[in-house]
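this one's structure only:
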């Protein structure tokens, strides 16, 4: 049995299946069989389906789950000590999408993050830990979301600039920490911090400057270009396997540095990238996977799903447009069905897939994928915003048309900035504050 209003493509196995019996195909079949009852709307724990056969967003339960995620943790979570800024970010971003006021956490966020900032620049993942670009990224975004003079002024921007200059590499990329690995994550996190905090692009002392580079962006687009693989996807570093999260990091990094319609074709093979990303979505699940021959996973609703608005802008969006592009390169319906049917926990929070536990990481990025599917993102005339990273701050969002949606209007989330993954207003406020407080 299947609930009315659900297309056949989401209720039956694919017409063509790989006849080769391997561990990979067995796992894929098992995952599909776990998802189908949820997609059909026949799972016993589901209720409140709309006329399209899509369950409602458990908004109140997700809000309650996120409140709990910012409270005390069991002793076993000591293993997450190096991810404390991330745990703050995941909760705040989730609240923002669900329409909650993130500023009520201002004092707690400041008190939590202040001890993690090192005098030499950057934030560690916890008290006394080495500065890391991932933790610094999450800390800066969290401070932007709670806002206010004290939060926006917490970052030692001069020390941050000097530290970023030290992790900048002669080949154009960034190490994630001094002496650490160099990958696309570092590049994206660095450009997010640089653009939001209005840091000088001129390099301070460091290995890259000694090698002849002059700015923090020198060689970076070329480094990202070398990360595109023979499949068309983007890897963490040149020569590695293509991965959905790295694809988003690379595209967002390029889009911070310049208009997507200019920088993407110059540094990426767009047709190959579109082909590879398209293959990450399959039926009947409708969700997204992160790599070739891997299983669907809710977090890629953002890491892969978040690539599409950037590519759509590159191909269709024109600065100064009064209307967002109407075409989609991915199935918004498929992604919406997977998230609302398969990823919601019974008691709040969101998960990878049926059979997995909910957690704040997946809650944040699954909601981000749903938000992206519910909105069109496009760029407008950038003449009224600051130069340097003007294109990065010219993005706007428009709700998708209700008649084209399979979710109920009451289940619509707030949009996030497609490059920074925080509300548009918070990204703009941090940038404006930084411009009004120039470094000496």
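Ah, there it is. Computed from a predicted model, the values in this text were never measured in an experiment.

the stretch 51-200 of the chain: helices as residue ranges?
According to DSSP state H, counting those that start in this stretch, the stretch 51-200 of the chain carries its helices in the segments 59-69, 84-97, 106-113, 133-146, 149-152, 157-167, 184-196.

same check, this time on the stretch 201-350 of the chain
207-210, 220-225, 244-257, 260-267, 270-278, 300-303, 307-315, 332-342.

right, and residue 243 touches residue 233 too?
Yes. With contact defined as C-beta atoms under 8 Å, residue 243 and residue 233 form a contacting pair (6.9 Å). All C-beta atoms are positioned from the backbone trio N, CA, C, and that covers glycine.

re earlier: now render the helices of the stretch 51-200 of the chain as TSV, adding mean pLDDT, distance to residue 406 and mean neighbour count.
TSV is the format used below for the helices of the stretch 51-200 of the chain (pLDDT from 0 to 100; distance: least, C-beta to C-beta, whole Å; neighbours: other C-beta atoms under 10 Å):
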stretch	mean pLDDT	distance to residue 406	mean neighbour count
helix 59-69	97	17	17
helix 84-97	98	19	25
helix 106-113	98	36	17
helix 133-146	98	29	26
helix 149-152	98	38	16
helix 157-167	98	43	21
helix 184-196	98	31	26
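
got a markdown table for those, with distance to residue 257 too?
Formatted as a markdown table, the helices of the stretch 51-200 of the chain follow (distance: least, C-beta to C-beta, whole Å):
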| stretch | distance to residue 257 |
| --- | --- |
| helix 59-69 | 32 |
| helix 84-97 | 23 |
| helix 106-113 | 27 |
| helix 133-146 | 16 |
| helix 149-152 | 23 |
| helix 157-167 | 15 |
| helix 184-196 | 7 |
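
pLDDT value on the closest residue in space to residue 237 that isn't next to it in sequence, please?
Nearest residue to residue 237, sequence neighbours excluded (C-beta to C-beta, 6 or more residues apart in numbering): residue 183, at 4.9 Å. Here the pLDDT value assigned to residue 183 is 97.

mind checking how far residue 183 is from residue 337?
33 Å (C-beta to C-beta, to the nearest Å).

now residue 256
For residue 256 relative to residue 337 (C-beta to C-beta), the value is 32 Å.

more neighbours: which of these two?
residue 337 (30 against 23; other C-beta atoms under 10 Å).

my read: that one touches residue 55, true?
No. If you go by C-beta under 8 Å, residue 337 and residue 55 don't touch, sitting 9.3 Å apart.

rewinding a little: for residue 141, find the nearest of the helices of the stretch 201-350 of the chain.
Closest to residue 141 of the helices of the stretch 201-350 of the chain, according to C-beta to C-beta: helix 244-257, at 12.6 Å.

return the distance of that closest one from the chain's centre.
Distance of helix 244-257 from the chain centroid (C-alpha atoms, centre = their mean, to the nearest Å) equals 10 Å.

next, the angle helix 307-315 makes with it.
40 degrees (axes from the mean of the first three to the mean of the last three C-alpha atoms, to 10 degrees).

and for residue 130, the neighbour number?
15.

assign residue 396 to helix, strand or coil.
On the three-state scheme (DSSP: H, G, I helix; E, B strand; the rest coil), residue 396 is labelled strand.

against residue 393, how distant is the nearest residue to it once chain neighbours are set aside?
With C-beta to C-beta, 6+ apart as the criterion, residue 396 has its nearest non-adjacent residue at 5.3 Å, and that residue is residue 380. Using C-beta to C-beta, residue 380 is found at 10 Å from residue 393.

between these two, who's got more neighbours?
When residue 380 and residue 393 are compared for neighbours, residue 393 comes out ahead with 23 against 17, by other C-beta under 10 Å.

doesn't residue 429 make contact with the more buried one?
No. The criterion here is C-beta under 8 Å, and residue 393 misses it with residue 429 at 10.9 Å.

any low-confidence regions in this protein?
44-47, 317-327, 381-387 (pLDDT under 70).

next, the residues that contact stretch 274-285 from outside, please.
9-14, 31-32, 35-36, 39, 231-233, 242, 244, 247, 287-290, 292, 296, 300, 304, 307-308, 311, 329-331, 334-335, 338, 342 (C-beta atoms under 8 Å, 6 or more residues apart in numbering).

report the buried members of those residues.
Listed as buried from these are 9-11, 31-32, 35-36, 39, 231-233, 242, 244, 247, 287-290, 296, 300, 304, 307-308, 311, 329-331, 334-335, 338, 342; burial here means 16 or more other C-beta atoms under 10 Å.

enumerate every residue touching the closest residue to residue 65 other than its chain neighbours.
Among residues not flanking residue 65 along the chain, residue 348 sits closest, at 3.4 Å (C-beta to C-beta, 6+ apart). Contacts for residue 348 were tallied using C-beta under 8 Å, 6+ apart; they are 58, 61, 62, 63, 64, 65, 358.

ditto for residue 217
Contacts of residue 217 by C-beta under 8 Å, 6+ apart are 191, 201, 257.

which of those lies closest to residue 411?
Nearest member of the contacts of residue 217 to residue 411, counting by C-beta to C-beta, is residue 191, at 33.0 Å.

measure that closest one to residue 92 for me?
21 Å.

likewise residue 315?
Counting by C-beta to C-beta - residue 315 and residue 92 are separated by 32 Å.

cool, residue 24 as well?
Where residue 92 is concerned, residue 24 sits at a distance of 37 Å (C-beta to C-beta).

same check on residue 162?
Distance from residue 162 to residue 92, by C-beta to C-beta: 28 Å.
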